[in-house]
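[1] just coords:
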């Protein structure tokens, strides 16, 4: 029974990057042997155990055999007869198919260290093509390591194109695609994710709204990533250049969480209007439709998204004035309107007029 550190921890250690989590592979062991040593089983589809002290995940060395469609269409075979090299061979990229033993020696049967040196993302074996999710994983790694020079190997890009041509990406669940997308856009170079998918002919199934693809489509996202913006802001930087129908279709297809979906759809509806230097009446209507009075933080995010899109498109728009108009109009006190004798529907009308007057004054300065 031997234990090896594997995957991302080895890769990032060799790249001198922070190691955020550690995964281990155990060879020569059975499930009973792990349980006897105090490990707790947590894997449902294959034998994964938590270490009794560190709680790190330890998996028995395993083989996987494709038996059906989709991410779950595999049969796992684990046991003491499976070798470390066989376990590593089923992994996606060579840089993820390395291990380190208890003496610190690197086991690298598929030349992952060479690909690290060459800054190359290369698939380990033909088994890569059995799992369509790996296309998104490669694109995500390309985004993560773009700044240190990593690119996708030509043969891997060609294989990804062949996989996409079969239609197998449609077999994936929205939850899995969103998980990869979320992690990718939160990278420092999140926009690279979509460029790699485009090169792999892999946008049509899940991101048809980004086709035909050009670098300008993701430039606002690139700016948001540079500023370390929040996830909803980054996604809205994509949808702000779409029609409202396209934005709605995208967030529904991906089953995005509500904060992401809401801002994404608002961006598609109102970023173009904000960038067009609206007059006071139009601006008041935008504030009302965005529920900017009760949800100022969300409006501020929409304003931020508009700024990235405007900067990307070199549009000179009154960003500071619009924000100032919102802040001053929000300060109109409805209690004073009620105290002035307005009742019922008159209150709403008087409040609208008061806010409009404030906005007119701000925009005229």
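    That came through fine. All values reported here derive from a predicted model rather than from experimental measurement.

[2] from here on, contacts and neighbour counts on C-alpha atoms
    Fine.

[3] ok, how many other residues are close to residue 211?
    The number of residues packed near residue 211 is 11, by other Cα atoms under 10 Å.

[4] who's in contact with it?
    Under the criterion of Cα atoms under 8 Å, 6 or more residues apart in numbering, the contact partners of residue 211 comprise 203, 204.

[5] isn't residue 120 right next to residue 153, touching?
    Yes. Applying Cα atoms under 8 Å as the test, residue 120 and residue 153 come out as touching, 5.9 Å apart.

[6] comparing the two, which residue is more hemmed in?
    Relative neighbour count places residue 120 above the other of residue 120 and residue 153, with 22 against 15, counting by other Cα under 10 Å.

[7] low-confidence bits of the chain, can you list those?
    In the predicted model, the chain carries pLDDT under 70 at residues 68-73.

[8] quick one: the strands in it?
    Listed from the start of the chain, the chain has strands (DSSP state E) covering 2-6, 23-27, 40-41, 48-50, 57-60, 62-66, 74-78, 99-100, 106-107, 120-121, 151-152.

[9] just put those strands in CSV and tack on distance to residue 91.
    Written out in CSV, the entries for the strands of the chain read as follows (distance: least, Cα to Cα, whole Å):
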stretch, distance to residue 91
strand 2-6, 10
strand 23-27, 12
strand 40-41, 22
strand 48-50, 16
strand 57-60, 14
strand 62-66, 10
strand 74-78, 13
strand 99-100, 12
strand 106-107, 14
strand 120-121, 13
strand 151-152, 16
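
[10] please, where are all the helices along the stretch 201-350 of the chain?
    Secondary structure of the stretch 201-350 of the chain by DSSP state H, counting those that start in this stretch: the helices cover 219-226, 231-239, 244-254, 258-275, 280-289, 296-312, 319-330, 334-339, 345-364.

[11] what separates the third one from the chain centre, distance-wise?
    The chain centre lies 16 Å from the centre of helix 244-254; the measure is Cα atoms, centre = their mean, to the nearest Å.

[12] for residue 175, give me its contacts.
    Counting by Cα under 8 Å, 6+ apart, residue 175 makes contact with 254, 255.

[13] ditto for residue 58
    23, 24, 25, 26, 48, 49, 50, 51.

[14] quick check: beta-bridge partners of the third one?
    Beta-bridge pairing for residue 25 (DSSP bridges): residue 4, residue 59.

[15] again with residue 93
    For residue 93, the residues forming beta bridges with it (DSSP bridges) are residue 123.

[16] of the helices of the stretch 201-350 of the chain, which approaches residue 203 most closely?
    Go through those one by one with Cα to Cα and the one that ends up closest to residue 203 is helix 244-254, at 11.8 Å.

[17] just give me the closest of the contacts of residue 58 to residue 250.
    Relative to residue 250, the closest of the contacts of residue 58 is residue 23; by Cα to Cα it sits at 33.8 Å.

[18] which residue comes closest to the closest one once chain neighbours are left out?
    residue 57 (5.4 Å; Cα to Cα, 6 or more residues apart in numbering).

[19] residues near the residue nearest to residue 254 when sequence neighbours are not counted, how many?
    Spatial nearest neighbour of residue 254, excluding adjacent residues (Cα to Cα, 6+ apart): residue 174 at 5.0 Å. Burial of residue 174, expressed as a neighbour count using other Cα under 10 Å, amounts to 15.

[20] wait, isn't residue 174 in contact with residue 252?
    No. Counting by Cα under 8 Å, no contact exists between residue 174 and residue 252, whose distance comes to 9.2 Å.

[21] got the contact list for residue 178?
    When the contact criterion is Cα under 8 Å, 6+ apart, the partners of residue 178 are 254, 255, 256.
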